[in-house]
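Undergrad: Need coordinates for the below:
(one chain, ligands or ions: 1)
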Amino acid sequence: MSDSQSNARAQQSAMSQTANGVKRPLSQSVSQPDPKRKTLAEKAGDFSGRANNSGAGYGFNRSTVKGFSLKDVAKSSTTGTGLPTSRHTSNASNSSYASSVGPGNRPTSRSHIRARSTTSTRAARPATSMGTREDNKVQTGQNGQNGQNGQNGQNATDIDERLGKFENEFQMMKALMDTAAMDKDRHVEELDIAKRRVTQLEARKAELQDDLDDAKRGLLAATRDVQYLKDDLEKQRRNHEDDCEILVRKHTRELDEERRLLSIEKEKHQALLHQFEDKCGREAEAQREQLERELAEQRSRVSSLRQEKDLEVQRLNLQLQERQLQLKNADEELRKAKDQIEDHEHTILRLNAKVKQLEENAKSLQEAYGSSENRKDHQIGDMSRQLQELERRAEAAERAAEDAKKAAKKTIEASHEDVEKYKLQLKEKLVKEEEKRHKLFEQVQDLKGNVRVMCRIRPPGRDPSEVPVDFEYLESEYDEDKFAGVVIPTEKDHPQEEGRKVAGRTPPFNFERIFDPQCTNKDVFDEISQLVQSVMDGKRVCIFCYGQTGSGKTYTMSNQSPRDGDQDEDEEDGDDGIIPRAKEMIFREVERLRALGWEYSVEGSYLEVYKNKLYDLLAPREATPRTLEVKKVSDELEIKDHDFTPLRTEDDLEYMVRTAETNRHVAETNMNRASSRSHSILVLKIRGRKALGDGKYKTREGTLNLIDLAGSESVGRSGATGDVAEEGRQINMSLTHLGTVLKQLGEGRKKESVDFSSYTLTQLLRPSLGEKCRTLMFVMVSPLKENTKETISSLKFAENAQKVKQGGGGPKNGPKKTR
Ligand SMILES: Nc1ncnc2c1ncn2[C@@H]1O[C@H](COP(=O)(O)OP(=O)(O)OP(=O)(O)O)[C@@H](O)[C@H]1O
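TA: Residues are numbered from 1 along each chain as shown. I've put the predicted structure just below:
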């Protein structure tokens, strides 16, 4: 490395330090002040100076050293040539490092030198870097040089040592220089980077300055624009205000005009509405009146027929009484004739006795008065005449008695015939009356509608903590002894004052009949017995009880009063529910109709829908009872692989009911100690047949479904948990679906488009709902205040059901006045 290079690098390094601001200190050697630092060449110069001083022949100067390595110098000093060998020259020229002693200039490989030294005959010295010079020294000794050569040998040894020192220093220096050179390179790079960065920053600054200038100019322009815009805006605002004012004036005018036109239109519409309302009202009123007239006619027809029938029955009774009287008279006459005959017979006997006595008298007279024959003959002749007369009279009396007897017999026979004939007539008449009754009854039932709804309010229990609702009852329009509407008092939050309640009342709920808590199961059955009757006439009837849990469904449907044998005939039924009473009525009717030529058969099933699955309540209780399946398409209720049980007597039916009631799912809840957890259905199929002669028959096929639905319940209030809560959920879902089905039927939907099949309950009821069926729903209601919400909800459900009235006019006996 040349001085200038070295200095330049040192300067650069120093520069890089300041220019970059790099805080890392430079290595010690580099940071030395320039004057203290010596390049290797300078050091070599020192050495050559010292060499010149110590021995001539070494004509080195600084310029000659330049471009040779220290090794070359050492070699040249041993050879005394003062010049490097051509090999060395070539080495120097071949290597870039050879031109200087700068970093990277390595001496010739030592291994190579050592290899050469192994060929020497002298004992090997410890291997040092000076081995080469050892070799040279040996070689010069061998060459047999003079005494000067000995001096030179001493010098050479010094030189070797010094060279060794130099070599060490050189190595240190070289390391320092390598580090310094690397530092320098790095600094140079860093400087370059810093410079570039400065240049970039300056360029960026210039750009930013330009941008700033641009922005300032832009701002100025924008400020001007804003001002222009403001002015413009102000101008536009004024214009707009003017326009608005004009528009407002215009719109106000138009609006006034529109209002005027609107009020004209409104008046027109109101006039039309009034006309329409008048017309519709009149039409509706006329229709209503017409319907009412028809109903009144039907009623009066029914009542006049009933009166006629009653009169006819009275007349027939009178005739019967007359005939009975005649019969009685004939019997009396016969008795009298018999008495007469007996009298005559007595008389004859008496006369015979008298004749005998007279004969005896005559005999004794003959004996007493034998002499006086003429007198005697005369007397005897008189007496014989008397006797003959008496005999004649006795015979006549006997004949008369016989005649009277015959006449009486004839009269009795004739009376008997008349009675028989009359009986026959009466029977025929009764059959005809039965047919008439059947038809009239059908008409009345049709007028009442397919789905009829009645409501029953259970009496409160004995618990004094129960607060009863103060129901407001509405009398039936047609029968003031009955109720047909009910209003429920309510309480709601005060609109302004929090926590305060205000009294309210529901609108009236109107049904065909409302049974208040005083009504008994007998009252209920009296009202619906006609429906049971219509099953005998071949109708499909479905009576079901719907309502909140504990509202009295099972009581109304199934209650069986205990029999202790002390009741009189009226009390015998106690407060029996619909099922026990229907059972009795059906078998009584079977007997009654038998007298009119009908033969009936009854068969039944008692089923249960539990958790949406159908089970036979008569099947033996097993761990896993068999589920049944309703045939979906049939119009009649048909169940796959299930037979109905023939019921020949009332006892058979009684036994069936008892078995089913024992098997039914019941659980205790907060709301009812024995809450029904399933829907139970008693199905009775009643078939009648009457011979018409010629092998022909008249038939009737009726079905009676008596359904006790499980109670709708709030799972929270019932306190049910686990399985019982799940039962409650299933019950509520199936009842909700029943409500949906009833609503859809009420909207006039065809049965085919109503979804019966989603729930077993509705699937089961399918044949009993809709056309050709008579459905009676009892909505059962609790009398307690705490259940008011559920009561209203049940009544709303029932109102929906009441809308299903295919073929009927619905309940016409609306409420009249509050009681
Ligand atoms: N008309 C009534 N007269 C006297 N007691 C009644 C009357 N109705 C219901 N009860 C009594 O009220 C209680 C609940 O009646 P019931 O079991 O019939 O209710 P439910 O509606 O069938 O209830 P669930 O749906 O839970 O089966 C029973 O103790 C029953 O005896």
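Undergrad: low pLDDT regions in the stretch 401-550 of the chain?
TA: Counting by pLDDT under 70, the stretch 401-550 of the chain shows low-confidence ranges at 445, 449.
Undergrad: Contact residues of it facing the ligand?
TA: 458, 459, 547, 549, 550 (Cβ under 6 Å from any ligand atom). (Each C-beta comes from the backbone N, C-alpha and C, glycine too.)
Undergrad: now the helix or strand where the third one lies: how far from the chain's centre is it?
TA: Just to be clear, that refers to residue 547. Counting by DSSP states H and E, the element that carries residue 547 is strand 540-547. Remark: strand 540-547 is offset 25 Å from the chain centroid, using Cα atoms, centre = their mean, to the nearest Å.
Undergrad: mind listing what it pairs with, with the direction of each?
TA: strand 696-708 (parallel), strand 773-781 (parallel) (DSSP bridges).
Undergrad: okay, now residue 242: neighbour count?
TA: Residue 242 sits with 10 neighbouring residues when counted by other Cβ atoms under 10 Å.
Undergrad: Please disregard the earlier target; I meant residue 785.
TA: Residue 785 has 16 nearby residues by other Cβ under 10 Å.
Undergrad: Next up, the contacts around the residue of the stretch 351-500 of the chain found nearest the ligand.
TA: Here the stretch 351-500 of the chain gets closest to the ligand at one residue, residue 458, 4.1 Å apart by Cβ to the nearest ligand atom. By Cβ atoms under 8 Å, 6 or more residues apart in numbering, residue 458 lies in contact with 517, 551, 552, 555, 780, 781, 782, 783.
Undergrad: Go ahead and confirm the fourth one touches residue 578.
TA: Which is residue 555. No - checked against Cβ atoms under 8 Å, the pair residue 555 and residue 578 is beyond contact range at 10.2 Å.
Undergrad: where do the contact lists of these two overlap?
TA: With Cβ under 8 Å, 6+ apart, residue 555 and residue 578 have common neighbours residue 521.
Undergrad: Let me know the helix or strand that the most centrally placed residue in the chain is in.
TA: Closest residue to the average C-alpha location of the chain: residue 733 at 7.0 Å, with Cα atoms, centre = their mean. Take DSSP H and E as the rule and residue 733 turns out to sit in helix 722-746.
Undergrad: How far off centre is that helix?
TA: With Cα atoms, centre = their mean, you get 10 Å for helix 722-746.
Undergrad: By proximity to the ligand, which residue of the chain wins?
TA: For the chain, Cβ to the nearest ligand atom, closest residue to the ligand: residue 711, 2.5 Å.
Undergrad: Now do the longest strand seen in the chain, average pLDDT.
TA: Criterion DSSP state E: the longest strand present in the chain is strand 679-693. For strand 679-693, mean pLDDT is 93.
Undergrad: Is there any residue in it that contacts the ligand?
TA: No - counting by Cβ under 6 Å from any ligand atom, the ligand is not contacted by strand 679-693; separation bottoms out at 9.6 Å.
Undergrad: Show me what the strand or helix carrying residue 414 is packed up against.
TA: Using DSSP H and E, residue 414 maps to helix 373-448. Here helix 373-448 touches helix 147-368, helix 521-536, going by 3 or more Cβ pairs under 8 Å, 6 or more residues apart in numbering; DSSP states H and E.
Undergrad: Nothing else from me, thank you.
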